[in-house]
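In: Provided below are the primary sequence and the corresponding predicted coordinates.
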Amino acid sequence: MQKRQLRIVKAQHTGFCFGVKRAIKIAEDILKKNKKSCSIGSIIHNPAVVKDLSKRGLRVISDIKDAKGSCLVIRSHGISPRIRQEAKRLSIRMVDATCPFVKRSHDIVTSLKAEGYFIVIAGENNHPEVKALAEAAKGSCVIAAKILDLKKPEIKRRKKIAVVAQTTLSHAEFFKIVSSVLQENSHEYRVFDTICNDVTQRQSEAGLLAKKVDVILVVGGKNSANTKRLCRICKEAGARTYHIEDDREIKHIWFRGKRSVGIVSGASTPQEIVERVVKRLKK
Ligand code: SF4
């Protein structure tokens, strides 16, 4: 009996996004010149890449004091103004690998705060990018992952409210938060769509692909917010979805009786890992 071939469809947008590519290049350039380098938290959310950089000398630290004597490479998600100031005080050399789109969100939040706005940050509480934005807002903000978070008393009776988004949020989630904020009894509102275009493209491609195939493999760090969001989108679109970090996690049983598989990847997933997944599927 002839074996049925599994149709493999790879999304167009895979591999590193611009901001991640840039951050890795900055880190690699520093490593070439200076072995003593570190980042506060992972430079990007992909364990394989972080492990590789750490073998080459980039330490991951959690306390800025541990950066003394090293060059601090600021991660793609950015750091808070407080940590930046502390690094300056300790005379720690810094090289900024913050993604320019994340930097734009920081600048927006800083000027909104100066103009007296109360800021709603639509995003995840524990995400480093969001935490840094909240610190830039100096307490004049609320982080809202869902509409329920807007029920907090701090948001009531604010005269001026502004909304910004975590760069990796989906527009659907963002619009829900925005429409809920607009129901507050405020005098003035400002809304900044700070969602990254690369992320939006990956999300819409994932949603469409998930409707056309039986199984979807979402390739990326288990700690990556944008990869986890791709999983959610694929599941909501009805595809059987598996989140993997590399080809070694693939199981035969996932494809039994299936005709097609789609592959999408998070913004911090190296293209080589995506290609290894394709190769393994072909085998
Ligand atoms: S996903 Fe977008 S915002 Fe995040 S690092 Fe990549 S380019 Fe920058």
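Out: Noted; the coordinates are in hand. Residues are numbered from 1 along each chain as shown.

In: I'd like the average pLDDT over stretch 174-181.
Out: The predicted model assigns stretch 174-181 a mean pLDDT of 93.

In: contact partners of it?
Out: 120, 122, 144, 146-147, 150, 155, 161, 163, 165, 189, 191, 193, 195 (CB atoms under 8 Å, 6 or more residues apart in numbering). Bear in mind the C-beta positions are built from the backbone N, C-alpha and C, glycine included.

In: Sitting in helices, which of those do you find?
Out: Judged by DSSP state H, helices contain none of the contacts of stretch 174-181.

In: quick one: which of those residues sit in strands?
Out: 120, 122, 144, 161, 163, 165, 189, 191 (DSSP state E).

In: hang on, the earlier thing: ok, of the contacts of stretch 174-181, which come out buried?
Out: Listed as buried from these are 120, 122, 144, 150, 155, 161, 163, 165, 189, 191, 195; burial here means 16 or more other CB atoms under 10 Å.

In: Which one of those is nearest to the ligand?
Out: Ile195 (8.6 Å; CB to the nearest ligand atom).

In: Quick check: bridge partners of the spatially closest residue to that closest one that is not a sequence neighbour?
Out: Nearest in space to Ile195, with sequence neighbours left out and distances taken as CB to CB, 6 or more residues apart in numbering, is Ala165 at 5.1 Å. Beta-bridge partners recorded for Ala165 (DSSP bridges): Ala122.

In: give me every residue that touches Ala165.
Out: Ala165 neighbours (CB under 8 Å, 6+ apart): 105, 121-123, 174, 177, 192-195.

In: ok, now how distant is it from Phe175?
Out: 10 Å (CB to CB, to the nearest Å).
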